[in-house]
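Asker: model this:
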Amino acid sequence: MMGQDAEDRKNKKRLITAGLRRRRDESYVSVGRAIPSRQTGAGSRMRPIVEKQPRSLSSCSRRAFLACIGAGLGGVSPFFANASPSVPALSAPLEGAPREAAGSDAGASARRRAEAFQIRLDAALYQKNLPLPPLLDNGEESDYPYVANYSKGLPHNGLGEVDYAAYRALLDALSAEEDAAFERVPLGGVRPLRNPQGGKAFDIEGPDCHHLAIRPAPRIDQPESSSEMAELYWMALARDVSFTEYESNPIVASACTDLSRFSDFRGPKQSGLVTPATIFRGNTRGDQMGPYVSQFLLKDIPYGTLRISQKQQSVIPNMDYMTDSASWLNIQNGLAPFASDVFDRPRYIGNGRDLATYVHFDALYEAYLNACLILLGLGAPFDRRNPYLSLNKTDGFATFGGPHILSLVTEVATRALKAVWFAKWYVHRRLRPEEYGGRVHYNLTGARNYPIDSEILKSQAVQRIFSRFGTYLLPQAYPEGCPLHPSYGSGHATVAGACVTILKAWFDESFVLPNPVVASADGSALLPYSGRNAGSLTVGGELNKLAANIAAGRNFAGIHWRTDFSEAFKLGEAVAIGILEDQKKTYKESFDGFSLTKFDGTTITV
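Answerer: The predicted structure is shown next:
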């Protein structure tokens, strides 16, 4: 007995020593990460910061780790590993005492623990070893300080130009490692900046938010930026036009003609022209088929014993904000809005203002949770790779079943937000459309000569805005305008990209949705849709359209750009794919991987 106790203590000491040796042997290397810089000149877009990271954890191999644990425990339950040597071993379990679960054996818990550790280790090493993308901004912060960057909430002069010292204090805070640095940033009003610290957060599933990137945002001196701003002016003018009336509406016709003239407009076209069938839509094939609004924003939602209509609380038409220079400047300084939403009767989403209102008040994953519930309620088939499709005596539930997808589609949202918050605050700091509208206004009125590409200054939309409102400011759908964080990319769109990617991986994308509907012109009822492509509205296509609808709703409000959502889709998609890669390692079923169609049309297996 004493010999066995001595051996147990010896093995336990061996385990502790092995752990200490492994921790001692972990060396550190310095890696470059780009952070905001106030340096100017070529090649000084970002400033590297040195971080300490473990060189490798792989010295603790699966075989060595399992062998070490097996030897150290000697078949003894870990529950009794620290028992006093004076307590004699029991030759048989007492009557009524807890017994080892059926189907387990001595040491099973330890082996399970080791396997769980190795799965997490493998996932971490996989993400760590992926190539790091370059984190590049568009150079405007150094080329045109700081008229082309986000500054809402900071102090401004009478033309809406940010106080230099306040902006530099913001850059210093972004480069610091303490929350107190943000408390030293001067504000121009009462509204706080929205969670810049969120872009520094870590996660233990999926890619690190600093290891993902989107391309540099279009510059204000480039035609692409001009075309995006013209689209936003037209979206503001067409907010109250029913989607079902686009083919015959004169405002939409003028918008199509004007946008077709821009040299670098990257929205969808037919034969090189913007048309009523393509205007304000996303770029995937599904976006351009059938009604403008996705079926997932119209169909009733089965929610347990409830059946929820998707009639939305909307707002009255022709109510736009921040169209005079005084209210615009107050909002730029971060003052509270002096107006509030005026609500109208509930109706189905039927125009741009309805979409803008939906995304003003939604929970970020709301539309995709609803879509998931609709698909489950329809009995829509799962993806053909779901392992339970080939099994007859067991089915999915905690894994590969309804509860699994309902939680998975929501859990990606916060991880997507961390990724885009890093891009917003720590890389791009792109100005909001309402800020750009101020640059256009003061340029055309002669107060300033900003480096704005000339195409926007010649747009018919700009002249129509002035004729209607008396300024060139971009009319806002929300009294407070945009939220207090930079524009690029869109948080709503990043979450859309992540959640829709999860749903496309889970369900059969080719399944045709039955009985499509469209909202009536006044939004009071749903009508059967029998128009073009009525029999071709698939799960994959309508999910892509759902993402585009949510993102376009923010554009209809005047608070985001087209590239804010098109590039953010790719960012959210990358987050979701990384999470699927990690989760795949955790399943015990025989599983070949998730298959899905990306936003660029390519099909992949994860």
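Asker: could I get the full set of strands for this protein?
Answerer: Secondary structure of the chain (DSSP state E): strands located at 28-36, 46-54, 301-303, 306-308, 312-315, 343-347, 517-519, 526-528, 595-597, 603-605.
Asker: what packs against the fourth one?
Answerer: Read it as strand 306-308. Applying 3 or more C-beta pairs under 8 Å, 6 or more residues apart in numbering; DSSP states H and E, one finds that strand 306-308 contacts strand 301-303. Backbone N, C-alpha and C define where each C-beta goes, glycine included.
Asker: now the strand it packs on: mean pLDDT?
Answerer: In this model, strand 301-303 has a mean pLDDT of 97.
Asker: parallel or antiparallel, list what pairs with it.
Answerer: Applying DSSP bridges, strand 301-303 is found paired with strand 306-308 (antiparallel).
Asker: low-scoring stretches of the stretch 1-150 of the chain, by residue?
Answerer: Scanning the stretch 1-150 of the chain for pLDDT under 70 picks out the ranges 1-106.
Asker: center of this protein, which residue is that?
Answerer: By C-alpha atoms, centre = their mean, the chain has its centre lying nearest to residue 494, at 2.3 Å.
Asker: wait, that one sits on residue 419?
Answerer: Yes - counting by C-beta atoms under 8 Å, residue 419 is a contact partner of residue 494 at 6.5 Å.
Asker: need the overlap of contacts for those two.
Answerer: Counting by C-beta atoms under 8 Å, 6 or more residues apart in numbering, the contacts common to residue 494 and residue 419 are 571-572, 575.
Asker: between the residues you listed, which has the most around it?
Answerer: Of all the shared contacts of residue 494 and residue 419, the most densely surrounded is residue 572 (34 neighbours; neighbours counted as other C-beta atoms under 10 Å).
Asker: which residues touch that residue?
Answerer: Counting by C-beta under 8 Å, 6+ apart, residue 572 touches 412, 416, 419-420, 493-501.
Asker: report pLDDT for it.
Answerer: With respect to pLDDT, residue 572 scores 98.
Asker: how close does it sit to residue 374?
Answerer: Look at residue 572 and residue 374: by C-beta to C-beta, to the nearest Å, they are 20 Å apart.
Asker: again, but for residue 599
Answerer: Distance from residue 599 to residue 374, by C-beta to C-beta: 21 Å.
Asker: can you check residue 145 too?
Answerer: 48 Å.
Asker: how many residues are close by residue 244?
Answerer: For residue 244, the count of nearby residues is 19 (other C-beta under 10 Å).
Asker: oh, and call the first residue 732 from now on, that's how I've got it
Answerer: In the new count, where the first residue is 732, that last one comes out as residue 975.
Asker: from residue 930, how far out is the nearest residue to it once chain neighbours are set aside?
Answerer: Distances taken as C-beta to C-beta, 6 or more residues apart in numbering put residue 1252 closest to residue 975, at 5.6 Å, once the chain neighbours are dropped. Using C-beta to C-beta, residue 1252 is found at 43 Å from residue 930.
Asker: out of these two, which sits in the busier spot?
Answerer: When neighbours are counted by other C-beta under 10 Å, residue 1252 and residue 930 differ, and residue 930 comes out ahead with 21 against 14.
Asker: report the contact partners of residue 1045.
Answerer: 1074-1078, 1084-1085, 1088, 1254.
Asker: verify the stated contact: residue 1305 with residue 943.
Answerer: Yes - using C-beta under 8 Å, residue 1305 makes contact with residue 943 at a distance of 5.4 Å.
Asker: quick check: neighbours shared by these two?
Answerer: Joint contacts of residue 1305 and residue 943 (C-beta under 8 Å, 6+ apart) are residue 1150.
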